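> structure for the following, please:
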Amino acid sequence: MKFVAMIYGNQAKWDSFPAEAWPEAIAKQEAFNKRYRESGELIGAYGLGDAVNAQLVRREEGVAAVTDGTYLGTKEYIATFYLLDCDSLQRAQAIAADMPFADVEPVELWPILHESAAGV
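Residues are numbered from 1 along each chain as shown. Okay, the predicted model is just below:
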């Protein structure tokens, strides 16, 4: 079973995190990533760019229409997402609970219902 696990953030949260604490936080995250990559349960972990760099893309009269900014100017946004492949929902929950920031920020866990075959 595949799942997407997401951590949300906002600029105020990142600004309040002490600069000297980032190296340890990143090391913990990399250890988590390594552990679950080696188990085969972490397919990928993706940290997203700053929300100010987000764009909205629509199609208007058959042509791409691109505007800057996050959808509706949201305060919270997806900061990181993980693609998991686990034997069960309970295992995915255990991995989400093991994420380094799960003690201070909730992890949103979504089952993947459909996957398009790669290379088709």
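> what's across from the residue positioned nearest the centre of the chain in the sheet?
Nearest to the mean C-alpha position of the chain, counting by C-alpha atoms, centre = their mean, stands F81 at 1.5 Å. On the basis of DSSP bridges, F81 takes part in beta bridges with M6, Y46.
> so what's it up against?
Residues in contact with F81 (C-beta atoms under 8 Å, 6 or more residues apart in numbering) are V4, A5, M6, I7, A45, Y46, L48. Every residue, glycine included, has its C-beta placed from N, CA and C.
> stretch 81-89: how far from the chain's middle?
12 Å (C-alpha atoms, centre = their mean, to the nearest Å).
> over to stretch 5-14?
9 Å.
> ok, now stretch 39-54?
For stretch 39-54, the distance to the chain centre is 5 Å (C-alpha atoms, centre = their mean).
> residues in contact with that stretch?
2, 10-11, 29, 33, 36, 68-70, 74, 77-86, 91, 95.
> and that stretch, which residues are buried?
For stretch 39-54, the buried set under the neighbour-count rule, 16 or more other C-beta atoms under 10 Å, comprises E41, L42, A45, A51, A54.
> show me those that map onto helices.
Among the buried residues of stretch 39-54, none falls in helices (DSSP state H).
> show me how far the lengthiest helix in the chain is from its chain's centre.
Ranked by residue count under DSSP H, the longest helix found in the chain is helix 22-38. Put simply, helix 22-38 sits 14 Å off its chain's centre (C-alpha atoms, centre = their mean).
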